[in-house]
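Novice: coords please:
(chains A and B)
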Amino acid sequence: MEERAALSRTPVEEELVGRVAWQIQLRWAAALGVLTATWLANSILNIHLPTRPLYTIGLSILFYNALFLLYLKRLEREAISEASIFDRFARVQTSLDWLAMILLVHFSGGVESPLIFYFIFHIIIASILLSPQACYFFATLAALAMAALALLEYWGFIPHLSLGFIPISLYENGLYVTSVLVFFTTCLYISVYLATSVTINLRQKDEELLRLQQELSGAYQRIQILYDVTKTAGSTLDLGEVLNLIAQAAAEAMQVRACTIRLLDESGRIVETVAAYGLSEQYLTKGPVDVRKSLHTYQALSGQPTIISDTSQDDRLQYPAEATVEGISSMLCVPLLIRDKAEGVICVYCAEADHFSEDDAEFLSALASEGAAAIVNARAYHALEMADRAKSDFVLMVTHELRSPLSAVQSMLRIMEQGYVGPMTSKQQDLVQRSQRRISFLLALVKDLLELAAGKMEQLRGEKKEVVLNEVIAKVTELMRTSAEEKGLEFKVEITEEPLVLVGIEDGLERVFMNLVSNAVKYTPTGGSVTVRAWSEDDQIKAEVSDTGIGIPEEALSRIFDEFYRAKNAKSMEMEGTGLGLAIAKDVVEQHGGQISVESVVGEGSTFYVTLPKG
Amino acid sequence: MADGKILVVDDDPDLVEVIRLTLEANGYQVFSAASGTAGLEKVKEIHPDLIILDVMMDYTTEGFQVSLQLRSPDPKSGYAPYSKIPILMLTALHSTTSLRFAPDDDYLPVDDFVEKPLEPSALVQKVEKLLGK
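Specialist: Model prediction:
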């Protein structure tokens, strides 16, 4: 059975409320009927009736029905929907109706009254409103009351008010009275039997329908939750967040108290709680869950869903007392399979005993496989991150160690070259200058390496602010114009007037365009041209740097953005180049959520495209 | 001779040697210390006219710590006897330390920077400027 919210009425309760209201409606008609019939019989048909008691009864019915109506309105206003209250209400109404009915019968001729047939209507109404037992009870009550009335009249304890339809002698005939009572009584019981069989059947159908409806909406909710979990698990790398979401989703979808996700530790003997929902701190810190002592955990770890129907009766629990204190009566645990190996368990806990079914186990297993996938992803990502960090740390360390001696050597070579330590022959001078050039290259390489390593480390921490890309590119092209023109290149800059604004790291973006433009100038022979363009397209900023230079061989295109990679033709043309410029450019562009790509034909030139999101 | 006493505080003996050769050739008297602590002792001993400090020695900002100590007043006397000595900071630009170089009295109490590897003429020029020549 599902635990349901306290305030909303079930369809069965809803119906009970509706029927009580309907009964009150009917009673107005009944009371008016009594009054009208009395008047008609008395004034038109000239039947001799004790009108005063009959009018009194009719008015009394009107009166108590008004009270019932007020009471019903109050119940509705206060949103009271407990079935027991309505049940009692229905019994009170039926009791009063019975009393009114008996009195009506008495004042309209007792056994000879045609009204006794109206008990049948009452029986039908009762069978709709009340339980079958209550119906039989009221039928018995009616039979006894009728018998008592007949006997009291027969023995003369109360007067018999004859309507004059049947001869007095017949009424004094005990056999006749008895047979009327017997037929009346059997008629009542048969009516109860027929009416209640129909209503019992209807109620069963109602309940079946309700159960199916609940099952269906439960299944739909589960599918929805599974979908949500899958979506979140795929979009976040925060393992803790994903696992907590799964724990919460499991408990909510299965409408149970709590859920835990536990993973085996390194020893393989203890399962550690990595996510929990709905459990007290006290329960969670009860002590380590030892696979050798917690047999249901052991069973789940061996690959089988395990159901504990009653925690107080099951010796597979390691902490039965704590479970009782926590109010947990049943549990379901399924294995968390990572690459077909159970590395943990996911358990759900319910306050109600005997709660979990095979369907629940199947649903929880589906959630468990989402959890397992999230764990695999997070582990892979963590390993990658660690590898990347180790690489960056190594590069940083090496470059620091490299830079100091290189700086010292370069400084010493400079004072030698400048004659601070005495004159040198021209050959010595030449060799010192060559050494200086080689050292310069090494220093440039170290500088690039440092930037790359630092860039990677700062990836998401860099201070971002609003950058106007037009200005950045203008600054770079102004700096590069001189060297391009000195080399005899045509240098064209076409930047849109429209401000190209994005949120980013200005130094980084400047470095990107510096690298691209200086490469273009470097690898374009005299007489060629370099063009820098930037424009806006939808919600993106587009820029391109094209040249009529040596181009990039096809086999090198896919590797041009790799660290330390330099195309063969680039090496033969320019000695000084570290192979890091484009790697840094790519790193920075991607940090900004953009893309960089290249198109090139050897001997004709290259074009680098940069796309950045506006912001 | 004796155009000025210059103290070089750097833990790299080769670099100290380069600075010494360059500055002595320009008529300065050069002293050296291999650590921040030794440098502070040396300042008290010789009262240099100029201090050349390396940023990174035992730890990344040792040079800044030394210059801060020289510039801050003594807690007892409330007087900073060495605060007027100009300081030239030796740095490796493009370094990955997050410190930004700005001639801000509150933050970096140094007078100028010179980049490594050393360019002798640039060094001499900055020294002359700081000594008011």
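
Novice: Spell out which residues of chain B are next to chain A.
Specialist: B:12, B:14-15, B:17-18, B:21-22, B:25, B:92, B:94-96, B:116-121 (C-beta under 8 Å from any C-beta of the partner chain). Bear in mind the C-beta positions are built from the backbone N, C-alpha and C, glycine included.

Novice: Kindly provide the distance from A:Glu510 to A:Val517.
Specialist: A:Glu510 sits 11 Å away from A:Val517 when distances are taken as C-beta to C-beta, to the nearest Å.

Novice: neighbour-wise, which of these two wins?
Specialist: Between A:Glu510 and A:Val517, counting by other C-beta atoms under 10 Å in any protein chain shown, A:Val517 is the more crowded of the two (25 against 19).

Novice: in the chain, which spans are strands?
Specialist: Chain wasn't specified; assuming chain A. Using DSSP state E, the strands of chain A run over A:258-264, A:270-277, A:289-290, A:306-308, A:330-338, A:341-350, A:465-468, A:490-495, A:501-504, A:529-537, A:540-547, A:595-601, A:605-613.

Novice: not what I meant, chain B
Specialist: Under DSSP E, chain B gives strands at B:5-9, B:29-33, B:50-54, B:87-91, B:112-115.

Novice: Mean pLDDT lowest where, among those strands?
Specialist: Mean pLDDT is lowest for strand B:112-115 among the strands of chain B, at a mean of 80.

Novice: buried sites along it?
Specialist: Across strand B:112-115, burial judged by 16 or more other C-beta atoms under 10 Å in any protein chain shown covers B:Phe113, B:Val114.

Novice: Next, the contact list for A:Leu295, please.
Specialist: A:Asp315, A:Arg316, A:Leu317, A:Gln318 (C-beta atoms under 8 Å, 6 or more residues apart in numbering or on different chains).

Novice: Format those residues as a markdown table; extra columns: distance to chain B, pLDDT and neighbour count.
Specialist: What follows is the contacts of A:Leu295, written out as a markdown table (distance: C-beta to the nearest C-beta, whole Å; pLDDT from 0 to 100; neighbours: other C-beta atoms under 10 Å in any protein chain shown):
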| residue | distance to chain B | pLDDT | neighbour count |
| --- | --- | --- | --- |
| A:Asp315 | 61 | 87 | 7 |
| A:Arg316 | 57 | 90 | 17 |
| A:Leu317 | 55 | 90 | 21 |
| A:Gln318 | 51 | 91 | 19 |
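
Novice: State whether A:Pro335 and A:Ala368 are indeed in contact, as I suppose.
Specialist: Yes: using C-beta atoms under 8 Å, A:Pro335 makes contact with A:Ala368 at a distance of 6.9 Å.

Novice: on that earlier part again, from the residues of chain B next to chain A, list the buried ones, please.
Specialist: The neighbour count (16+ other C-beta under 10 Å) marks B:12, B:15, B:17-18, B:21-22, B:92, B:95-96, B:116-120 as buried among the residues of chain B next to chain A.

Novice: farthest pair in these?
Specialist: Largest separation among those by C-beta to C-beta: B:Leu21 and B:Thr96, giving 30.0 Å.

Novice: anything in contact with each of A:Glu510 and A:Val517?
Specialist: Listed as contacting both A:Glu510 and A:Val517 by C-beta under 8 Å, 6+ apart are A:Val476.

Novice: which other residues reach the longest helix anywhere in chain B?
Specialist: Counting residues, the longest helix found in chain B (DSSP state H) is helix B:13-25. Identification of contacts with helix B:13-25 by C-beta under 8 Å, 6+ apart yields A:407-409, A:411-412, A:414-415, A:420-421, B:6, B:8, B:10, B:30, B:32, B:34, B:52, B:54, B:90, B:116, B:118, B:120, B:123-124, B:127.

Novice: again, but for stretch A:432-444
Specialist: Residues from elsewhere that reach stretch A:432-444 (C-beta under 8 Å, 6+ apart): A:402-403, A:406-407, A:409-410, A:413-414, A:416-417, A:424, A:575-576, A:578, B:117.

Novice: okay, that stretch in CSV with CA atoms only?
Specialist: Taking Å, rounded to 0.1, in the frame of the first residue of the first chain, the C-alpha atoms of stretch A:432-444 are listed here in CSV:
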residue,chain,number,x,y,z
VAL,A,432,79.6,34.0,-28.0
GLN,A,433,77.0,35.6,-30.1
ARG,A,434,75.9,32.2,-31.5
SER,A,435,75.7,30.8,-27.9
GLN,A,436,73.5,33.8,-27.0
ARG,A,437,71.1,33.0,-29.8
ARG,A,438,70.8,29.4,-28.7
ILE,A,439,70.2,30.5,-25.1
SER,A,440,67.6,33.0,-26.2
PHE,A,441,65.7,30.3,-28.0
LEU,A,442,65.8,28.1,-24.9
LEU,A,443,64.6,31.0,-22.7
ALA,A,444,61.7,31.7,-25.1
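
Novice: What mean pLDDT does that stretch get?
Specialist: Rounded mean pLDDT across stretch A:432-444 is 89.

Novice: tell me which residues in it are buried?
Specialist: A:Val432, A:Ser435, A:Gln436, A:Ile439, A:Leu442, A:Leu443.

Novice: cool, stretch A:418-437 as well?
Specialist: A:Tyr420, A:Val432, A:Ser435, A:Gln436.

Novice: Return the residues in contact with the residue nearest to A:Ala90 when sequence neighbours are not counted.
Specialist: Of all residues not flanking A:Ala90 in the chain, A:Leu129 sits nearest, at 4.5 Å (C-beta to C-beta, 6 or more residues apart in numbering or on different chains). By C-beta under 8 Å, 6+ apart, the contact list for A:Leu129 reads A:Leu16, A:Arg19, A:Val20, A:Gln23, A:Ala90, A:Thr94.

Novice: again, 10 Å this time
Specialist: A:16, A:19-20, A:22-23, A:86-87, A:89-91, A:93-94, A:135, A:199 (C-beta atoms under 10 Å, 6 or more residues apart in numbering or on different chains).

Novice: Likewise for A:Phe561?
Specialist: A:Phe561 neighbours (C-beta under 10 Å, 6+ apart): A:Gly581, A:Leu582, A:Ala583, A:Ile584, A:Ala585, A:Lys586, A:Asp587, A:Val589, A:Glu590, A:Ile596, A:Ser597, A:Val598.

Novice: Okay, now the unreliable bits of chain B?
Specialist: When residues are selected by pLDDT under 70, those of chain B lie in B:1-2, B:56-61, B:93-110, B:133.

Novice: ok, the residue of it found nearest chain A to A:Ala543 distance?
Specialist: Closest residue of chain B to chain A, C-beta to the nearest C-beta: B:Pro117 (3.5 Å). When distance is defined by C-beta to C-beta, B:Pro117 is 35 Å away from A:Ala543.

Novice: the helices in chain B, which residues?
Specialist: Using DSSP H, helices in chain B cover B:13-25, B:36-46, B:62-71, B:120-130.

Novice: Nearest to A:Leu216, out of the ones you listed?
Specialist: Closest to A:Leu216 of the helices of chain B is helix B:62-71 (C-beta to C-beta; 71.5 Å).

Novice: That closest one: which residues count as buried?
Specialist: B:Glu62, B:Gly63, B:Phe64, B:Val66, B:Ser67, B:Gln69, B:Leu70, B:Arg71.

Novice: Pretty sure the last one sits against B:Ser83.
Specialist: The reference is to B:Arg71. Yes: counting by C-beta atoms under 10 Å, B:Arg71 touches B:Ser83, with 5.0 Å between them.

Novice: Does A:Val291 touch A:Glu272 like I think?
Specialist: No: using C-beta under 10 Å, A:Val291 is not in contact with A:Glu272, being 11.4 Å away.

Novice: shared neighbours of those two, anything?
Specialist: The contact lists of A:Val291 and A:Glu272 share A:Leu264, A:Asp265, where a contact means C-beta under 10 Å, 6+ apart.
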